[in-house]
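> Here is a sequence with its predicted model. Questions after.
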Amino acid sequence: MSQEREHAQARRARGGVLVVGGGFAGSYVARYLGAATLVDPRNFMLFTPLLPEAASGTLEARHVVVPLRQMCPEAEVLLGRAVALDEHRRVVTVEAHGEMLEIGYEQLVLALGSIPRALPIPGLMDHAVGFKDLADAIHLRQHVLRTLDAAATETDPAARRPHLTFVFVGAGYAGVEALAELADLVDDALRHYPELRGEPRRWVLVDAAPKILAEIPSRLGEYAARQLASRGIDIRVSTTLAEAGDGWARLSDGETIETRTLVWTAGVEAHPLPREWGLPVDERGRILVDGHLRVEGRDNVWALGDGARVPNAATPGRFDPPTSQHALRQARRLAKNLRGELAPYRYAMLGQVATLGRYKGIADVLGVRVRGFPGWFLTRTYHLYQLPLPSRKLRVVADWTTSLLFRRDIAELGDLGDRRRIGEAP
Ligand SMILES: Cc1cc2nc3c(=O)[nH]c(=O)nc-3n(C[C@H](O)[C@H](O)[C@H](O)COP(=O)(O)OP(=O)(O)OC[C@H]3O[C@@H](n4cnc5c(N)ncnc54)[C@H](O)[C@@H]3O)c2cc1C
């Protein structure tokens with residue numbers, strides 16, 4: 001690194017504010033603030049609440065992301081990866097387009113988010129797929145559609161079964177919503193597979209906690225569990241994944257399930273860089289911040305989002321959970337604090353919403369609990385309201401409307417984006 005630094009280009013962040021990470025938290029800070037430099041390796045903000053619908057194909061994948069340059073028109077967007085922090089010189093080193101850039105700052109905002117939590121389970125890394133990013137959602141959709149084709153070509157029912165068995169480990173928002181959406185995708189896609197008519201498929205949802213969706217009120221969580229069970233989804237609570245292999249998953253209750261699809265959605269952990277950079281972190285790697293979102297012991301470094309342990313004046317004694325709605329409210333407060341309107345962060349949650357596949361959802365808004373179709377409608381309306389940019393909202397509404405009128409698109413664009421040599425046959 002020291003050799004690279006000698007050749008690093010030096011520049012200063014716009015307005016003196018450098019925001020590292022352009023996810024939910026960072027992009028909103030830059031949007032509200034205006035003059036700032038925003039660094040992220042991707043040129044878009046992923047709107048994760050709609051990611052399960054991108055996986056199932058209800059929404060076009062590009063419509064669940066918001067281009068950072070459109071979202072933050074007054075900010076300087078720098079496509080790159082932060083690799084080092086020198087607090088003494090007030091400089092962050094960014095690897096961008098094969099070059100090292102040193103960005104000087106007066107105020108630094110860290111919004112690096114989280115990474116999927118990988119537990120030391122034998123076979124997990126080699127045989128499970130995650131569900132955190134757009135690439136994961138596209139991969140999972142393609143994998144599921146290919147799996148149906150593989151099942152259709154099998155004539156032996158025993159050999160078919162693993163292709164039609166889907167195991168999700170982790171029954172939080174991501175796992176439950178992704179499973180429900182993909183189950184709808186499979187139901188719809190199978191109409192086009194006469195070879196598989198009447199063929200049983202199996203969906204298994206595994207979680208170490210005693211109930212699914214532990215983060216939402218228990219009455220709604222119980223409704224979600226009943227709803228999923230009535231669709232034949234096999235829910236295994238107080239159960240963990242013990243081992244995974246090629247074509248199988250073994251659970252802690254001793255059952256070995258033959259499956260070609262093992263999805264790991266069992267939580268996230270804070271991004272490792274802040275710990276490596278010597279910033280104060282808790283036992284889970286989250287940056288310690290005070291009530292104003294300022295990193296403890298620093299006067300010009302701030303942090304928010306999933307990667308920070310954020311105290312909330314509205315919930316004394318409790319820290320914010322890792323959700324987009326909290327990240328967004330923290331961003332709003334932090335932008336004001338950086339503008340000099342210093343006040344403690346305070347956000348009283350309005351409610352929680354989740355979809356359970358087509359026309360089914362759960363919502364708890366201002367103490368009013370709704371489920372079924374109204375819950376689904378409310379969830380969608382809420383996400384639409386949160387989605388930035390009118391053009392994005394319109395694209396999403398157009399996708400939803402189209403999906404009401406026509407059958408689901410089951411095109412599988414697996415090699416899209418791969419470069420093919422000129423003259424090469426598919
Ligand atoms: C599938 C799924 C569904 C979800 N559904 C919901 C929901 O319905 N409701 C809800 O409230 N929450 C939901 N969440 C949680 C929500 O997405 C997070 O709480 C939110 O994204 C946190 O925002 P963040 O900015 O802290 O992190 P992120 O949004 O993850 O952003 C982190 C950013 O940092 C960037 N980055 C990483 N490394 C570097 C680096 N070295 N240099 C520069 N940039 C870097 C990343 O590219 C990313 O853009 C869901 C999450 C997932 C995965």
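That came through, no problem. These numbers were taken from a predicted model, which means no experiment stands behind them.

> tell me the SS of Ile235?
Put simply, Ile235 is strand when judged by DSSP: H, G, I helix; E, B strand; the rest coil.

> Find the nearest non-adjacent residue to it, please.
Leu205 (5.0 Å; C-beta to C-beta, 6 or more residues apart in numbering). Every C-beta, even on glycine, is put in place using the N, C-alpha and C of the backbone.

> Mind checking the pLDDT average for the longest helix that the chain contains?
Longest helix of the chain, by residue count under DSSP state H: helix 134-153. Helix 134-153 comes out with an average pLDDT of 94.

> Tell me which residues are up against that helix.
46, 51-52, 54-57, 61, 64-65, 129-131, 160, 163-164, 166, 178, 182, 185-186, 189-190, 193, 195-196, 199, 260-261, 263, 410, 412-414 (C-beta atoms under 8 Å, 6 or more residues apart in numbering).

> which residues does the residue in the chain that the ligand sits nearest to contact?
Using C-beta to the nearest ligand atom, the closest approach of the chain to the ligand is made by Gly23 at 1.7 Å. The contact partners of Gly23, by C-beta under 8 Å, 6+ apart, come to 40, 45-46, 111, 113, 305, 327.

> Kindly report the same for Cys72.
Contact analysis of Cys72 by C-beta under 8 Å, 6+ apart lists 22, 27, 30-31, 36, 38.

> In helices only, show me those residues.
27, 30-31.

> Go through the residues you listed and say which is closest to Ala425.
Ser27 (41.9 Å; C-beta to C-beta).

> count of neighbours near the closest one?
By other C-beta atoms under 10 Å, 28 other residues sit near Ser27.

> which SS class is the residue lying closest to it once chain neighbours are set aside?
Once flanking residues are discounted, Ser27 sits nearest to Met45: 4.2 Å by C-beta to C-beta, 6+ apart. Here Met45 is strand, with the state taken from three-state DSSP.

> Please name every helix or strand in contact with the host helix or strand of Val186.
Per DSSP states H and E, Val186 falls inside helix 173-190. Packing partners of helix 173-190 (3 or more C-beta pairs under 8 Å, 6 or more residues apart in numbering; DSSP states H and E): helix 51-56, helix 134-153, strand 165-169, strand 202-206, helix 218-230, strand 261-264, strand 351-355.

> any chance of those in JSON lines, with mean neighbour count too?
Output for the helices and strands packed on helix 173-190, formatted as JSON lines (neighbours: other C-beta atoms under 10 Å):
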{"stretch": "helix 51-56", "mean neighbour count": "26"}
{"stretch": "helix 134-153", "mean neighbour count": "19"}
{"stretch": "strand 165-169", "mean neighbour count": "26"}
{"stretch": "strand 202-206", "mean neighbour count": "22"}
{"stretch": "helix 218-230", "mean neighbour count": "17"}
{"stretch": "strand 261-264", "mean neighbour count": "24"}
{"stretch": "strand 351-355", "mean neighbour count": "23"}
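
> Flag every residue of this protein that's near the ligand.
20-26, 39-42, 48-49, 51, 81-82, 111-113, 131-132, 173-174, 271, 273, 305-307, 322-325, 327 (C-beta under 6 Å from any ligand atom).
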